[in-house]
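Participant: Need a 3D model of the following:
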Amino acid sequence: MTNLDASIEEVKGQFVGVTLVRANELLSKGNGLVDSANKTVADLDSLIADNHPRVTATLDNLIAVTGDLKKQLADIESAVTGVVDDNRAELAESIRRLRRTMFQAELAMRKIRANPAYLLFGDSEPDLEEKTMDLSGIRRSGRARPYEQRDEKDK
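Facilitator: Below you'll find the model as predicted:
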């Protein structure tokens, strides 16, 4: 038993000695890390202190410009409201015509890409969406007949 107590005391002493040495090493490395972290925090504080007035000025400028843009947007909205009023049917017709024109332009570009001779000679492909026209080029539906000059001989 005495040998056992002696060996336990010996192991305990070695263990405590090794643990204390390791702990001292870790603490010395940890102190270095804490010092470098403190230095980094100090650098960041000085950087923030240097840039704070510039950031504040930039934010103030952004707030002023945003206010100007909001005012201009309100002016544009009021101008558009005054122009458009209640011309929804006319606006819808204008948009329909614009879409039709863009569609025709896209078809023409496709035809040109497919065959560049289309620019010189055209094609005989009919436009299926085209409205029927009379000989004067006026649409037949919804239009009055064009004015025709009467001949004096005809009665």
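Participant: top helix in this protein by residue count?
Facilitator: Identified as the longest helix of the chain according to DSSP state H is helix 2-84.
Participant: next helix or strand past that one?
Facilitator: helix 88-114 (DSSP states H and E).
Participant: so that following helix versus helix 2-84, what angle?
Facilitator: Orientation check (axes from the mean of the first three to the mean of the last three Cα atoms, to 10 degrees): helix 88-114 against helix 2-84 gives 110 degrees.
Participant: who touches the helix or strand just after helix 88-114?
Facilitator: Downstream of helix 88-114, the next assigned helix or strand under DSSP H and E is helix 118-121. Residues outside helix 118-121 that contact it (Cβ atoms under 8 Å, 6 or more residues apart in numbering) are 108, 111, 112. C-beta here means a position set from N, CA and C on the backbone, and glycine is covered the same way.
Participant: now do 10 Å
Facilitator: 108, 110, 111, 112, 115, 125 (Cβ atoms under 10 Å, 6 or more residues apart in numbering).
Participant: And for stretch 49-66?
Facilitator: So stretch 49-66 is contacted by residue 48 (Cβ under 10 Å, 6+ apart).
Participant: OK, contacts around residue 108?
Facilitator: Residue 108 sits next to 118, 119 when contact means Cβ under 10 Å, 6+ apart.
Participant: before we move on, what about residue 67?
Facilitator: Contacts for residue 67 were tallied using Cβ under 10 Å, 6+ apart; there are none.
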